[in-house]
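> got a predicted structure here, sequence first:
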Amino acid sequence: MSRSLKKGPFVEEKLLKRINKLNESGEKKIIKTWSRSSNIFPEMVGHTIAVHDGRRHVPIFISESMVGHKLGEFAPSRSIRPHIYKGKSEVRLVGLNCRACIGQIGNTTHEIIQLGKAGRKRWLGIRPTVRGTAMNPVDHPHGGGEGKNKSSGRNPVTPWGKPTLGYRTRKKDSKTDKYIIRRRNK
């Protein structure tokens, strides 16, 4: 992301202070930094700065031709992604700096609880739902027929005819497909 011209070039304050100290003392030491987005200033010329590339610090000797460029340009980054195996589920590539909580989700009995009566459902703010088979054919694809009819062998659909149970919801051209190594077993 480029900075506006009003803000000017960016350099990490700690890095600039360390370079100014070394310039005053005349020492030549390797300076380690994680700041890849810092611009190279003329004060940095002649120093060796070790820039982190994602797995280690890469030492870079700063010359006059590098002034104005960013430190990250001279230490190509390489992201290593580990595989995550979780039983029979899919295997994905995940960034090394990602975090996850491993354990059990709370409120495990949520799905088991039976409300018992329509009133408890109403207390939760849920209004009554009419089944498609109880409607007329003009109102729902499952409606109509004499007596208690099945939906004439039709797969479950919404009132607008779109599939509603057991259909694929993932986009065919999903950008995250490249991170899936092995799909989950069905």
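Done, it's in. Numbers count the residues shown, from 1 in each chain.
> domains for this protein, by residue range?
Following the assignment in automatic domain parsing, the chain carries domains at 13-74, 80-100+131-186.
> could you check the pLDDT of the residue lying farthest from the centre of the chain?
What lies farthest from the middle of the chain is E146; by Cα atoms, centre = their mean that is 51.5 Å. On the pLDDT scale, E146 is placed at 87.
> check the one 10 residues further on too.
Per-residue confidence (pLDDT) for P156: 91.
> where do the strands sit along this protein?
Per DSSP state E, the chain carries strands over the ranges 30-33, 48-52, 57-61, 83-84, 91-93, 180-182.
> could you identify which of the ones you listed is most buried?
strand 48-52 (a mean of 19; mean count of other Cβ atoms under 10 Å). In this view, the C-beta of every residue, glycine as well, is placed from N, C-alpha and C.
> quick one: that strand to strand 57-61, angle?
150 degrees (axes from the mean of the first three to the mean of the last three Cα atoms, to 10 degrees).
> strand 48-52 packs against which elements?
strand 30-33, strand 57-61 (3 or more Cβ pairs under 8 Å, 6 or more residues apart in numbering; DSSP states H and E).
> give the pairing partners of the shortest one; include direction for each.
Within its sheet, and counting by DSSP bridges, strand 30-33 is paired with strand 48-52 (parallel).
> what's the local residue count around L15?
A count of nearby residues for L15, using other Cβ atoms under 10 Å, gives 19.
> ok, now which ones touch it?
For L15, the contact set (Cβ atoms under 8 Å, 6 or more residues apart in numbering) comprises I31, T33, S35, S38, I49.
> in the protein, which helix is the longest?
Criterion DSSP state H: the longest helix present in the chain is helix 13-25.
> which parts of it are buried?
L15, R18, I19, L22 (16 or more other Cβ atoms under 10 Å).
> avg pLDDT for it?
The model assigns helix 13-25 a mean pLDDT of 85.
> same check, this time on stretch 164-180
Stretch 164-180 carries an average pLDDT of 88.
> closest to P163 out of the contacts of L15?
S35 (50.9 Å; Cβ to Cβ).
> spit out the contact partners of the residue lying closest to the closest one once chain neighbours are set aside.
Excluding the flanking residues, the one nearest S35 by Cβ to Cβ, 6 or more residues apart in numbering is E12, at 4.1 Å. Neighbouring residues of E12 by Cβ under 8 Å, 6+ apart: T33, S35, S38.
> likewise for I180?
I180 makes contacts with E90, V91, R92, L93, as judged by Cβ under 8 Å, 6+ apart.
> bridged to the second one, which residues?
Residues in a beta bridge with V91, per DSSP bridges, are R182.
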